[in-house]
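[1] predicted model, plus sequence, below.
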Amino acid sequence: MGVIMRSILLTTLLAAMLAACNSGGQSGAAADAGSDIKAIQFVTTQDGQPMEIDLKMFDTPAAKEFLATGKNPYIGNEEAIKEGKKRFNLFSCVACHGGHGEGAVGPGLIGENFRYAKNATNKGMFETIWHGTNGGMGAKGFGLMAPDDGLKPDDVLKVIAFIRSHAKITGNE
Ligand code: HEC
C-alpha cells in the first residue's frame, strides 16, 4: 500500500509541476500578444531593412506613445532633457559628437544637414542610435552593445530630446 500511495503522490506532484510549466508557457504567450499592439515599422539606417526590436522594451508611457505614433513625447520636456544629457555623457556620445551635439570627430547632430536625411525625424534618429550605421556609428540599443548594456527605448527618446533641445527642429514636425 505504501508503494502505491507514494506513486500516487509522485504522479500528483508531477501533474502539478507539468501544470505549472504549462501555465508559465501560457502567460509567456499572453505577454507575446503584445505583438498585437499597433506599432510603427522600424527600419535600419544601414540598409532600410526591417529592424528587429523587442516591443516589450517599450515599457513607459512615453515609449508606448512613440511606438504607436513615431512622435517623441519628451521633446521640450526639461526633466527628460536633463536625463537625456546624463545618458549622452554616460554613453560617450559627447566624445564623438561634442557636448551639445555640435559635432567633433563625429558629425553634428543638430542639423540642418544630416548625413542620413531620416535623422531629421525622431523615428529616423531613434533607428540610427538604436542600430547604428555602416560608417562608424555603433549600435547603442539595449543588448546590441553587449548583452546587458545599452540604451532602452525610453532612454533613446530622452537622448533625442536633449539633442533636439539644441536644434532648430523638434523632429516631430
Ligand atoms: C566612437 C564615436 C561615436 C560615438 C561614441 C557615438 N557616435 Fe554617433 N556617430 C559617429 C560617427 C562617426 C557617425 C557618422 C556615421 C556615418 O557616417 O555612417 C555618427 C552618426 C550619428 C548620427 C547620425 C548623424 C547624421 O548626420 O545623420 C546620430 C544621430 C548619432 N551618431 C547619435 C549618437 C548618439 C546619441 C550617441 C551616444 C548614445 C553616439 N552617436 C555615439 C560616431 C560616434
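    That came through, no problem. Numbering: from 1, shown residues only.
[2] what residues does the chain put near the ligand?
    Within reach of the ligand by Cβ under 6 Å from any ligand atom, the chain has these residues: 91-93, 95-97, 106-107, 109, 114-116, 119, 125, 128-129, 133-137, 140, 159. Placement of C-beta: from N, CA and C, glycine included.
[3] domain ranges for the protein?
    Split into domains by automatic domain parsing, the chain comes to 2-30, 55-164.
[4] Ile129 - how many residues pack around it?
    27 (other Cβ atoms under 10 Å).
[5] tell me the predicted confidence for it.
    Listed pLDDT for Ile129 reads 98.
[6] which residues sit in contact with it?
    Lys140, Gly141, Leu151, Val156, Val159, Ile160 (Cβ atoms under 8 Å, 6 or more residues apart in numbering).
[7] mark which of the residues of the chain next to the ligand are part of strands, please.
    Members of those lying in strands (criterion: DSSP state E): none.
[8] buried ones among these?
    91, 93, 97, 106-107, 109, 114, 116, 119, 125, 128-129, 133, 137, 140, 159 (16 or more other Cβ atoms under 10 Å).
[9] skipping its backbone neighbours, what lies nearest the spatially most central residue of the chain in space?
    Centroid-nearest residue in the chain, with Cα atoms, centre = their mean: Pro153, separated by 2.7 Å. The shortest distance from Pro153 to any non-neighbouring residue, by Cβ to Cβ, 6 or more residues apart in numbering, is to Ala63 (4.5 Å).
[10] Gly70 too?
    Using Cβ to Cβ, 6+ apart and skipping residues adjacent in sequence, the residue nearest Gly70 is Lys123, 4.2 Å away.
[11] tell me the pLDDT at Tyr68?
    Careful, residue 68 is Ala and not Tyr. What the model reports as pLDDT for Ala68 is 97.
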